[in-house]
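>>> Requesting a structural model of the entry that follows:
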Amino acid sequence: MNARSLVRSFAALAWAGALLAGEAAEEGVGFNGATSYAVVEDGGAFDLDAFTLAARVKLRRATDAQVFLNRGRSGSLFTLYLYEGRVRMLVEFQKGRYTHANVAPPRPGVWTHLAGTYDGEQIRIYVDGELKHTAKAPGRMPASKAPLYLGAAEQGERVLDGALDDVCVWRRALEAHEIAESAVGKTPADGLVARWLASALEGTAWRSTPDARLAAVYHANPKPVFLKASGYRGIWYSNQPQKDEYVYKYSGGLGTYCAKHRPFAIYAPKVNKTFFCYGGTDPDRRTLLHMVSFYDHATGTVPRPTILLDKRTTDAHDNPVIAIDDAGHVWIFSSSHGTGRPSYISVSTKPYAVDEFERVLTTNFSYTQPWWVPGRGFLFLHTRYSGGRRLYQMTSPDGRTWSEPALLAAIEMGHYQVSWRQGSRVATAFNFHPKPRGLNWRTNLYYMETSDLGATWHNAQGQKLELPLTAPDNPALVHDYRAEQRNVYMKDVAFDADGRPIILYITSKGWQSGPRNDPRTWTTARWTGTEWDIQGHIVSDNNYDMGSLTVDSDGRWRLIGPTQPGPQRHNTGGEVALWTSTDKGHTWAMERQLTRNSPMNHTYCRKVVDGRADLYALWADGHGRQPSESRLYFCDRDGRRVLRLPPTMTAEAARPEPVE
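You can find the predicted model right below:
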């Protein structure tokens, strides 16, 4: 009898047995998609030359990344999981090298048997006992005692939204006919390390056979543990390598990246603190950590930052942003680059505190821009990957109940946007990615705003817009840069003393780093009440130099950004300078250069919402051409004082270090 016939025969017997038993075992062990997990803390028994993983799985949904069994960090040891719409059996077959076999996901609501084997040469993945895919992987999984997680990558990460039953690990690669038998519950005993059945769950102990010492501790709804980091360290990241001396399209210390994430810092007058978040990392720079902290203006100190979560990537596109509601609760929106990783919304358990958070939503969104509108709730602008980078909005009165995503703009291959809030007004400015070239030829400039939490949108002239915008020539168009063959890189939005919008962006001749695409011109488009006044005089040497624009009550414009050449010329960032304009951007004067003789480029200067004079902008540094450490900085409004957040802390609080 072949494997397929064997599966069908055993399936018929199993179905008859389930009917007789009233399907009592069909419920499995449930996981809630957010916090629940089971773990064998000492994973030494799973340090194997060859092995087989198997589980019966029933999903509520088959969209977000979810883990069935896992050992190690992302891309290490082994994982049987759902990722980017495929079930994967991943094995680190040599130190630092991994690959996977993958298959289509199971149907939600249907029990499915998944199994993966590794024999030192190949990975094989089976669905309901049938071999579906193989991948070459010659070598041996690195030795480790890392824990074995069931139903999650680790606590609170990629948690299964569904149920598990009959979870098995063998110390050998099972043959095809043995997988077929295990798919219907006839479990081969030879080489079985552990087997967990739903019927063996007793409280929090999920007892395994044959060895009760391998019992997993099942956490149905555990209280998260929020650790404190030993100092302030930013993530280093690079994108799109170039085969020249500039190495990357953009790169460096990108803890406050990207321009399309905002805000990173908010001043809270009730407690006289500036709360901020950033993309951090561990001392070995192995992963992106979402970090949350505050600056106490009364004491001039910062606490050790809170590690909200490990994003299990080094991609700074997954950086977090921050919001504060009317009650003082701190909200963190944890983004994702595309659809391969989950995104999260978390809220502090206490007002004006960052020690503990509750996760309220696990979903997927990118380029994250949440705006709390006082007395109204959230207007959440973001991007979703669906036929390009499309702009969406969601609304919520409380951060817990959300509207369905509503499409705002989908012109050709998509957009990048920046936004800002003034009172009940939220304004967004964006470019578009033309077909067939896409995002590296981003061009044109658009603007629209809303004053009713996204119920209606209009252009600067007050004309109501019919959404979504789908044509390049539409009433939101500010300037046709495609006709001039100029790229447009979005930086910021501000409002002048009369409440009229100003858009800050850089134009250039092309996407590659290096002098061939100079000049990179910092440009402003200001709405005069009747037309857009477009001016550009400041130049710098990289498309991804990013600064922030603010306007004083007396009408003086302030621009803080890395406009001056840094030690890695023509790479992202440089030396930070303060520029001012008293004639609405027609001329600029550099009042002060804030950093000098730096060993690494400074990048992505971010303004503070309602910023105080003593903490006005936040940024990071990093080497432009090779991986490096990254430190965090902030400055005052007049650029007279630059402080570095302490990279290493021995006490619970410390003063930032002055930079001479």
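>>> Can you list the buried residues in stretch 46-58?
Buried positions in stretch 46-58, judged by neighbour count with 16 or more other C-beta atoms under 10 Å: Phe46, Asp47, Leu48, Ala50, Phe51, Thr52, Leu53, Ala54, Ala55, Arg56, Val57, Lys58. C-beta here means a position set from N, CA and C on the backbone, and glycine is covered the same way.
>>> What of stretch 374-381?
So, applying 16+ other C-beta under 10 Å, buried residues of stretch 374-381: Gly377, Phe378, Leu379, Phe380, Leu381.
>>> Correct me if wrong: the third one contacts Asp452.
So the one you mean is Leu379. No. If you go by C-beta atoms under 8 Å, Leu379 and Asp452 don't touch, sitting 9.5 Å apart.
>>> Can you give me the first-to-last residue distance of stretch 579-592?
Its start and end residues considered, stretch 579-592 measures 7 Å (C-alpha to C-alpha, to the nearest Å).
>>> residues making contact with that stretch?
496, 502, 524, 526, 533, 535, 537-538, 555-561, 563, 577-578, 638-640 (C-beta atoms under 8 Å, 6 or more residues apart in numbering).
>>> what kind of secondary structure is Phe294 in?
With DSSP: H, G, I helix; E, B strand; the rest coil as the basis, Phe294 sits in strand.
>>> so which helix or strand takes in the nearest residue to Pro188 once chain neighbours are set aside?
Counting by C-beta to C-beta, 6 or more residues apart in numbering, the nearest residue to Pro188 once its immediate chain neighbours are dropped is Glu178, at 4.7 Å. Element membership for Glu178, per DSSP states H and E: helix 176-183.
>>> Show me which residues of that helix are buried.
Ala176, Glu178, Ile179, Ala180, Glu181, Ser182, Ala183.
>>> Give me the spatial nearest neighbour of the fourth one, chain neighbours excluded.
Spelled out, that is Ala180. Ala180 sits nearest to Gly129 (C-beta to C-beta, 6+ apart), 3.8 Å away.
>>> Pull up the per-residue confidence for that neighbour.
With respect to pLDDT, Gly129 has a value of 97.
>>> Gly561 reaches Thr572, doesn't it?
No. Counting by C-beta under 8 Å, Gly561 sits too far from Thr572 to count as a contact (11.8 Å).
>>> which residues are common contacts for those two?
By C-beta under 8 Å, 6+ apart, the residues touching both Gly561 and Thr572 are Asp545.
>>> Let me see the contact set for Gly388.
Ala410, Glu412, Met413, Gly414, His433, Gly438.
>>> ok, now Phe264?
Counted by C-beta under 8 Å, 6+ apart, Phe264 has contacts Thr256, Phe276, Cys277, Tyr278, Val321, Ile322, Arg606, Leu618.
>>> Kindly recompute the last result at 10 Å.
255-257, 275-279, 319-322, 604, 606-609, 617-619 (C-beta atoms under 10 Å, 6 or more residues apart in numbering).
>>> now, which of these lie within strands?
Using DSSP state E, the members of these that fall in strands are 275-279, 320-322, 604, 606-609, 617-619.
>>> who's in contact with Tyr616?
Neighbours of Tyr616 in contact, by C-beta under 10 Å, 6+ apart: 265, 267, 274, 548, 550, 558, 560, 578, 605, 607-608, 634-639, 641.
>>> Now the buried members of those.
Buried among these by 16+ other C-beta under 10 Å: 265, 267, 274, 548, 550, 558, 560, 578, 605, 607-608, 634-637, 639, 641.
>>> Quick check: mean pLDDT of the host helix or strand of Phe68?
Per DSSP H and E, Phe68 falls inside strand 66-71. In this model, strand 66-71 has an average pLDDT of 96.
>>> Now list the buried members of the contacts of stretch 579-592.
By 16+ other C-beta under 10 Å, those give 496, 502, 524, 526, 535, 538, 557-561, 563, 577-578, 639 as buried.
>>> Strands of the stretch 301-450 of the chain, start to end?
302-303, 306-310, 320-324, 330-334, 343-348, 357-363, 366-373, 377-385, 389-396, 406-409, 417-422, 425-432, 443-450 (DSSP state E, counting those that start in this stretch).
>>> With distance to Gln122 and mean pLDDT as added columns, please give the ones you listed in CSV.
Converted to CSV, those look like this (distance: least, C-beta to C-beta, whole Å; pLDDT from 0 to 100):
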stretch, distance to Gln122, mean pLDDT
strand 302-303, 50, 98
strand 306-310, 31, 94
strand 320-324, 39, 98
strand 330-334, 36, 98
strand 343-348, 34, 96
strand 357-363, 34, 91
strand 366-373, 35, 98
strand 377-385, 32, 98
strand 389-396, 37, 98
strand 406-409, 44, 98
strand 417-422, 45, 98
strand 425-432, 45, 98
strand 443-450, 47, 98
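>>> Any chance of CSV for those, columns distance to Pro656?
Output for the strands of the stretch 301-450 of the chain, formatted as CSV (distance: least, C-beta to C-beta, whole Å):
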stretch, distance to Pro656
strand 302-303, 6
strand 306-310, 17
strand 320-324, 19
strand 330-334, 20
strand 343-348, 23
strand 357-363, 24
strand 366-373, 26
strand 377-385, 31
strand 389-396, 34
strand 406-409, 39
strand 417-422, 26
strand 425-432, 32
strand 443-450, 36
